[in-house]
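A.B. asks: Okay, here's the prediction I keep looking at, along with the sequence it came from:
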Number of protein chains: 2
Amino acid sequence: MTGYFAGRTLGGLARDLRSGAATAAGLLDRALESVDPALNAFVTVDAEGAAAAARTADEELAAGRDRGPLHGIPVGIKDIVDVAGLPTGMGSAHFDGYVADADADCVARLREAGAVIVGKTTTHEFAYGASGDTAVNGPSRNPHDPSRISGGSSGGSAVAVAAGMVPLAIGTDTGGSVRIPAAFCGIAGFKPAYGAVPTGGVFPLAVSFDHVGVLAATAADCRTAYRVLTRRPSHALAARDGLRVAWVGGGVPVAEEVADAVRRLVPDAPAERVDLRALRRVFAAIQDSEAYDVHAERVAVSPELYQRVTLDRLRRAEHVPGWRYVRATRERARFAEEAAGLLRRYDVLALPTVPITAPEIGTRECEVGPVQPALLSMTCPWNVLGLPALSVPAGTVRGLPVGLQLIARAGDEDLLFQLAERTTP
Amino acid sequence: MTGYFAGRTLGGLARDLRSGAATAAGLLDRALESVDPALNAFVTVDAEGAAAAARTADEELAAGRDRGPLHGIPVGIKDIVDVAGLPTGMGSAHFDGYVADADADCVARLREAGAVIVGKTTTHEFAYGASGDTAVNGPSRNPHDPSRISGGSSGGSAVAVAAGMVPLAIGTDTGGSVRIPAAFCGIAGFKPAYGAVPTGGVFPLAVSFDHVGVLAATAADCRTAYRVLTRRPSHALAARDGLRVAWVGGGVPVAEEVADAVRRLVPDAPAERVDLRALRRVFAAIQDSEAYDVHAERVAVSPELYQRVTLDRLRRAEHVPGWRYVRATRERARFAEEAAGLLRRYDVLALPTVPITAPEIGTRECEVGPVQPALLSMTCPWNVLGLPALSVPAGTVRGLPVGLQLIARAGDEDLLFQLAERTTP
């Protein structure tokens, strides 16, 4: 937790870069010094490429060319997202030696905005898991207690931000992979609406649910990065009075201390029921079918290259029946209508991001049941529905961070950021 | 083949109705007299309801209210399509005693147009088969040789038209169920573009591929009925010069005599390859998954109510893996692009409707392999692609009819009818 960027915001860094109090090259040096190998946040650091980008950023600023709020800012990129000239490892032995020849769309947009790509962050193997402890390069570790999981699959990105190595990182979120590690590591994570940020150059997990998202210390910094990724000129947050907020639950168990800590931030929100349990079933049938489609040939040809847990998951995914996929697709449409109805009555839905705090690495069972399904139980419904979802820090339980998750209609993202500002504990 | 309507066209009947040479009540009587129980084309005849409709049609015409080309015309409706007040049997013991309380959308449009609904035609059980020999009320029989299959699943509709019981019948086509029996029975059958005719009130087989279609003696009569079903005012066929026609094949076997008979109608069309075999695989994965979704609860609760062949098909369909469905969906998109490319170079694609002539009822193997997949092999690709497809009579092979199938872009339906007029043998 001692990295240079701990406690710093994108706004402050931007001011320093423009006042001369900092340079992009200097910030990059601070980032490289802050990388703590024990936490295993980065799988690849590109000191040379980043230095060149930082020099360019400094020269441009000096010459009066200002690319906006991410100009000169060091950023980490999840290792299932292509960065030209760098390996994309996917957390897997399958991609040993693979080097990307082009930037993913989201990376290209960051570069256009002057960001400095520091390197690639540890991912759960093929992003197929929410714990962040399964990768050929080992688990990313929780900065609040390195014996605990970071959460995943964008574990390295969350750890890199939470430990102050970089002020911003890119993740992907198919069932909670941005929000879960953000919550466990005590930072903010934002999954935009489905399709809002292009996924070109990102290795697919389940195409119906794959989203590119952002991780930063604060919701405001997530907003800044999100607006850059969607190429919309930055503007001030327009606050709306009298936000109608509902507290959502339904059919999935939550540890009492976690529920209490999070509920405290929206004490007046009336309780509403969404069948999170049924949505998780819909999620699983669709994700598993789509994931196996991506991996079928690899499983057939070189199963031994997978981590054992990943191979076991894929072997189960292989046998999800097609009619379950079809039925899940129908149910998804029905749930989308229900959610639209709820979001006519409320502006924002609130619930915990994860129903537990980060367990010890290797733990299979927790107080609310098996760990893996518990991790996803409150985040994956919003991937099924494609709604924008923000996780913000909601204090700690026994010293471990918990997250408040906020959901809105697509187009109403600013309501999430507005509410987040108000509810930070 | 001795029914009153054999050799008569909708245009001729319309003229007779308006000149006073015929009345709707009289035509209905001719239809009822023409019904030959030995062919099993009708499962329900609604003499009373039809008589009332015919009376109304005659009164309207006498009063100068003319509803257009189907006014007073007797029509048969496939027994998976709801007609208010009549049983919809689905060819299955499962729906014994079920009476529809509203008209399907397509039936409502026929009534608006003044058509007289004679009754319900025999369907392959739940439309899940192309042979037309599997139904709780027994097989529909080919008028050219009653020991042979009619083809299906809209077998009763094809038999009713081919045997002159009615001049027009409604069918449905998920993989060829209008075109196959049309070809085997020596009449015309048209499957419109996907979505062109609403499917409300039609029992689903596979929602991605389900189409409502029409069967009549000639392509021109199919066009008339199609325009009524799409509520577009009738207009004359605008012929285009220099139609570019391709002869399509690829990976599925065709009986030589069938290929020769059909090829003769478009002798100058250059040969092009479409991977019909791969499209059939795509079709099967999607159809089976969607069909089982529709039937899962019935299979669980009362499997004994299905005909044995249908239950066996469903039990196999249950185990199609979800990832195969997902992959088929991706391949479908790729094939759609390929087909779009081919249809920029050609106006119409031509091929046999079915690669064989109608086999004896009960036959499992034919000269090109197992019967069921052979039946669908040249029709189902156009359901996968959602393109309008017309089957027209192409003469006979050893006394049994064969069909020429014509495909165009959605929107170019008239090119099919134009070419059909020109190529009738």
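C.D. replies: Yep, it's here. Because the structure is a prediction, the values reported are computed rather than measured.
A.B. asks: per-residue confidence for the residue of the stretch 101-250 of chain A found nearest chain B?
C.D. replies: At 8.4 Å from chain B, residue A:207 is the closest residue in the stretch 101-250 of chain A, using Cβ to the nearest Cβ. The C-beta positions use only the backbone N, C-alpha and C, and glycine is treated the same way. Note on residue A:207: pLDDT of 97.
A.B. asks: Go ahead and confirm it touches residue A:291.
C.D. replies: No: if you go by Cβ atoms under 8 Å, residue A:207 and residue A:291 don't touch, sitting 9.6 Å apart.
A.B. asks: on that earlier part again, who are the contact partners of the residue of the stretch 101-250 of chain A closest to chain B?
C.D. replies: Residues counted as contacts of residue A:207 (Cβ atoms under 8 Å, 6 or more residues apart in numbering or on different chains) are residue A:290.
A.B. asks: Just say helix, strand or coil for it.
C.D. replies: At residue A:207 the chain is in coil, as set by DSSP: H, G, I helix; E, B strand; the rest coil.
A.B. asks: Distance-wise, check it relative to residue B:242.
C.D. replies: 42 Å (Cβ to Cβ, to the nearest Å).
A.B. asks: What of residue A:354?
C.D. replies: Distance of residue A:354 to residue B:242, computed by Cβ to Cβ: 66 Å.
A.B. asks: Tell me which of these two has more neighbours.
C.D. replies: Remark: of residue A:354 and residue B:242, residue A:354 carries more neighbours, 31 against 5, as counted by other Cβ atoms under 10 Å in any protein chain shown.
A.B. asks: quick one: pLDDT of that one?
C.D. replies: 98.
A.B. asks: does it count as helix, strand or coil?
C.D. replies: Under three-state DSSP, the three-state class of residue A:354 is coil.
A.B. asks: need the strands for the stretch 101-250 of chain A, in chain order.
C.D. replies: Per DSSP state E, counting those that start in this stretch, the stretch 101-250 of chain A carries strands over the ranges A:116-121, A:168-173, A:188-191, A:211-216, A:245-249.
A.B. asks: Point out the most buried one among these.
C.D. replies: strand A:188-191 (a mean of 32; mean count of other Cβ atoms under 10 Å in any protein chain shown).
A.B. asks: could you say what helices and strands it packs with?
C.D. replies: Helices and strands touching strand A:188-191, by 3 or more Cβ pairs under 8 Å, 6 or more residues apart in numbering or on different chains; DSSP states H and E, are strand A:168-173, helix A:179-185, strand A:211-216, helix A:219-229, strand A:389-397.
A.B. asks: 7 Å instead?
C.D. replies: On a contact count with 3 or more Cβ pairs under 7 Å, 6 or more residues apart in numbering or on different chains; DSSP states H and E, strand A:188-191 meets helix A:179-185, strand A:211-216, helix A:219-229, strand A:389-397.
A.B. asks: Save those as a markdown table, and put in distance to residue A:309 and mean pLDDT too.
C.D. replies: As requested, the helices and strands packed on strand A:188-191 are exported to a markdown table (distance: least, Cβ to Cβ, whole Å; pLDDT from 0 to 100):
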| stretch | distance to residue A:309 | mean pLDDT |
| --- | --- | --- |
| helix A:179-185 | 17 | 98 |
| strand A:211-216 | 23 | 98 |
| helix A:219-229 | 30 | 97 |
| strand A:389-397 | 24 | 97 |
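A.B. asks: Mean neighbour count, those: which tops it?
C.D. replies: Ranked by mean neighbour count under mean count of other Cβ under 10 Å, those are led by helix A:179-185, which reaches a mean of 36.
A.B. asks: Contacts for that one, please.
C.D. replies: Applying Cβ atoms under 7 Å, 6 or more residues apart in numbering or on different chains, the contact partners of helix A:179-185 are A:130, A:132, A:142-143, A:149-152, A:154-155, A:158-159, A:162, A:173, A:188-189, A:191, A:215, A:353-354, A:358, A:375, A:379, A:389, A:391, A:401-403, A:405.
A.B. asks: With stretch A:295-305 instead?
C.D. replies: Against stretch A:295-305 from outside (Cβ under 7 Å, 6+ apart): A:92, A:93, A:94, A:311, A:314, B:323.
A.B. asks: now, the most widely separated pair of the residues you listed?
C.D. replies: Within the contacts of stretch A:295-305, A:93 and B:323 form the most distant pair, 22.1 Å apart (Cβ to Cβ).
A.B. asks: So for those two, which sits in the more crowded spot?
C.D. replies: Between residue A:93 and residue B:323, counted using other Cβ under 10 Å, residue B:323 has the larger neighbour count: 25 against 16.
A.B. asks: nearest residue to the more buried one other than its sequence neighbours?
C.D. replies: residue A:292 (3.8 Å; Cβ to Cβ, 6 or more residues apart in numbering or on different chains).
A.B. asks: got a list of what the residue nearest in space to the middle of chain A touches?
C.D. replies: By Cα atoms, centre = their mean, chain A has its centre lying nearest to residue A:178, at 1.5 Å. With Cβ under 7 Å, 6+ apart as the criterion, the residues that contact residue A:178 are A:154, A:171, A:172, A:189, A:190, A:191, A:213, A:215.
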